[in-house]
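Chemist: Below is the sequence, then the predicted model.
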Amino acid sequence: MSVQATVTFKEAVRFEAVADSGHTVTIDGPEAAGGRNAGFRPMELMLLGMAGCMSLDVVLILQRMRKQVTSYTVHVTAERAEDPPRVYTEATLEHVIGGPGLDAASVQRAIELSETTYCSGTAMFAKTAKVTNRFRLLAG
């Protein structure tokens, strides 16, 4: 499966990125490098990509289980190596999820399936980082 994206220089260290979906995101470097905080840092996008990949998987898996999700937030904290290329070495995802009739066993199973089978983002992260998932189930 081929995927295409384009990143175009705009000014200083700011770029515009467009993917196959047609959506655009601004990427900007740190202020120390001339950035103006006008967009995401590239490494932030990697974290968001992993969290988004898992979120999508978990919701779809729960829907296939005929479970209703009415709220879902993933909080990500991560650590990077001190030396270049400063890859992520640890990442913790806290899934905060709610819905009528949701039970801990179903949520745990959905997270496990995403992490071990479906989420490409987690699979790539796991090559350099210890990825930990935990969840908090909100009342109905």
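Modeler: Structure received. Nothing here was measured: the structure is a model prediction, and the numbers come from that model.

Chemist: domains for the chain, by residue range?
Modeler: 1-40, 42-138 (automatic domain parsing).

Chemist: ok, the closest residue in space to Gly34 that isn't next to it in sequence - contacts?
Modeler: Counting by C-beta to C-beta, 6 or more residues apart in numbering, Ala12 is the residue found nearest to Gly34 once chain neighbours are left out, at 4.4 Å. In short, each C-beta sits where N, CA and C put it, glycine included. With contact taken as C-beta atoms under 8 Å, 6 or more residues apart in numbering, Ala12 is in contact with 29, 34-36.

Chemist: Please indicate which of the residues you listed are buried?
Modeler: Among these, the ones that count as buried by 16 or more other C-beta atoms under 10 Å are 29, 35.

Chemist: Which of the contacts of Ala12 fall in helices?
Modeler: Using DSSP state H, no member of these sits in helices.

Chemist: which one of the contacts of Ala12 sits closest to Phe125?
Modeler: Nearest to Phe125 among the contacts of Ala12: Gly29, at 22.2 Å, using C-beta to C-beta.

Chemist: and the nearest residue to the closest one once chain neighbours are set aside, how far is that from Glu31?
Modeler: In this structure, Gly29 finds its nearest non-sequential neighbour in Val13, 3.2 Å apart by C-beta to C-beta, 6+ apart. Distance from Val13 to Glu31, counting by C-beta to C-beta, to the nearest Å: 9 Å.
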